[in-house]
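>>> My questions concern the predicted model and sequence given below.
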Amino acid sequence: EAGVAQSPRYKIIEKRQSVAFWCNPISGHATLYWYQQILGQGPKLLIQFQNNGVVDDSQLPKDRFSAERLKGVDSTLKIQPAKLEDSAVYLCASSPLVSRASTDTQYFGPGTRLTVL
Amino acid sequence: KQEVTQIPAALSVPEGENLVLNCSFTDSAIYNLQWFRQDPGKGLTSLLLIQSSQREQTSGRLNASLDKSSGRSTLYIAASQPGDSATYLCAVINDYKLSFGAGTTVTVRA
């Protein structure tokens, strides 16, 4: 079974530029998550999709970040314009379904390391 | 707001020693607790998931305990090996969300 795929793996940009990340979840997984992990911290949930609908985007800085999941499969996360503090690893994860108990584990991709200069 | 704390932030032990990693959380109304492993440049791998009704879970050399009332979980790794070197993260699940600690970075010296 193929895992969660992410691209690019690394990206270096200057502040005020825009950047986009792509995620392809495990086939058949209804739920997709984007996390931001700043160096030395645990991952922080940015947005959660179930199929192509947003379940939670309460921690997404909507003035500069946007995300979409077309057709309930692949997803893209965009930052425009980037700030220095956006330097982090952006992790994508997927799970078969979402429930309050969430006994289904989340499967994580390798992440995209973003450096903003 | 759920706060998850992991102590210590880093740990170095000789090969063969048992590892004890601690995790504490502020809101005991959790559904599950999960331990992950993160290797440099890679994503997270789930190690153990403890449901709120359970007190522990075991997988091979790994054992995780959960005490909801005191807001604590402990991950034990028996007879550590150099391949166990990684960052270990705990995460609690409530209201559909995973809240992560900052992790404990473990180095096992050969």
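Perfect, I can see it now.
>>> now the closest residue to chain A within chain B, which residues is it bridged with?
Closest contact between chain B and chain A, by CB to the nearest CB, is at B:F100 (3.0 Å). From N, CA and C alone the C-beta is placed, and that goes for glycine too. Going by DSSP bridges, B:F100 is paired in beta bridges with B:A91.
>>> so what's it up against?
Contacts were defined as CB atoms under 8 Å, 6 or more residues apart in numbering or on different chains; by that measure B:F100 touches A:42-44, B:4, B:89-91.
>>> Select, from those residues, the two members most distant in space.
Set against one another by CB to CB, the contacts of B:F100 have their most distant pair in A:K44 and B:C90, with a gap of 14.7 Å.
>>> Those two: which has the busier surroundings?
Using other CB atoms under 10 Å in any protein chain shown, the more surrounded residue of A:K44 and B:C90 is B:C90, with 31 against 16.
>>> I'd guessed the more buried one sits against B:C23; true?
Yes. With contact defined as CB atoms under 8 Å, B:C90 reaches B:C23; the gap is 3.6 Å.
>>> Can you work out which residues contact both of the two?
B:4, B:6, B:33, B:35, B:73, B:75, B:101.
>>> Take these and lay them out in TSV including pLDDT, neighbour count and distance to B:G43.
Formatted as TSV, those follow (pLDDT from 0 to 100; neighbours: other CB atoms under 10 Å in any protein chain shown; distance: CB to CB, whole Å):
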residue	pLDDT	neighbour count	distance to B:G43
B:V4	95	23	19
B:Q6	97	22	18
B:L33	92	27	19
B:W35	95	23	15
B:S73	96	27	22
B:L75	97	22	19
B:G101	96	25	17
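>>> so A:K71 sits in a helix?
Yes. Counting by DSSP: H, G, I helix; E, B strand; the rest coil, A:K71 is located in a helix.
>>> So what's the residue count around the closest residue to it other than its chain neighbours?
Distance criterion CB to CB, 6 or more residues apart in numbering or on different chains; nearest residue to A:K71, sequence neighbours excluded, is A:N52 at 6.5 Å. Under the neighbour criterion other CB under 10 Å, A:N52 is assigned a count of 14.
>>> For A:P25, see how far away A:N52 is.
Relative to A:P25, A:N52 is positioned 12 Å away (criterion: CB to CB, to the nearest Å).
>>> B:L33 too?
For B:L33, the distance to A:P25 (CB to CB) stands at 24 Å.
>>> before we move on, what about A:G40?
Using CB to CB, one gets 27 Å for the distance from A:G40 to A:P25.
>>> Between those two, point out the one with more neighbours.
Applying other CB under 10 Å to A:G40 and A:P25 shows that A:P25 carries more neighbours, namely 27 against 10.
>>> Could I get the pLDDT score of that one?
With respect to pLDDT, A:P25 has a value of 95.
>>> which residues sit in contact with the closest residue to it other than its chain neighbours?
Distances taken as CB to CB, 6+ apart place A:S94 nearest to A:P25, at 3.3 Å, with adjacent residues excluded. When contacts are counted by CB under 8 Å, 6+ apart, A:S94 is found next to A:4, A:25-26, A:29, A:31-33, A:106-107.
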